[in-house]
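> Have a look; sequence and predicted model below, questions after that.
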Amino acid sequence: MIQSQVSNTARQTLTDTIIAAKAAKNLSFEQISSGTGLSDVFVTAALLGQHPLPADAAQKVGETLGLDEDAIALLQCIPSRGSVGSEIPTDPTIYRFYEMMQVYGTTLKALVHEQFGDGIISAINFKMDIKKVADPEGGDRAVITLDGKFLPFKPF
């Protein structure tokens, strides 16, 4: 089963281990990437916590760096890419979207990866709809539909 991370803590710790092993063995990222069948750019990004590696590539990298089986397995997990800035929006409407992502963002990520695989929902090939509907309990409700094309990450 495809595994997804909800925090970058474990991958950051693994990145620190990788950088230490790379330095101790006096290896370049190109040398570490050799034999994986993937570009050194992709493998470097993976080693820095931004991509998962296919099993055979993770095994090869693990052997090169002297990583244990847990680290090799972690290299294959879908990471939490990038970083979220610490500045909190102050506009009340924008803040509520921020709050929704704080509460449901990891749920959306986990479900997208589980159902589609490793990739993103495009904000370019994208449709959005917002409707005002009556709330049976009184007042109104906002129904927002986000419709984006799924774009898989591909090793290169």
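Done, it's in.
> ok, longest strand in the protein?
Ordering each strand of the chain by length in residues (DSSP state E) puts strand 119-134 first.
> Whichever helix or strand comes after that one versus strand 119-134: what angle between them?
The helix or strand immediately downstream of strand 119-134 is strand 140-152, counting by DSSP states H and E. Counting by axes from the mean of the first three to the mean of the last three CA atoms, to 10 degrees, strand 140-152 lies at 160 degrees to strand 119-134.
> for Phe150, which residues make a bridge with it?
Ile121 (DSSP bridges).
> Can you report phi and psi for the residue at the greatest distance from the centre of the chain?
Residue farthest from the centre of the chain, counting by CA atoms, centre = their mean, is Gly138 at 39.5 Å. Gly138 adopts backbone torsions of phi 110, psi 150, taken as degrees, to the nearest 10.
> can you pull the pLDDT of it?
For Gly138, the model assigns a pLDDT of 97.
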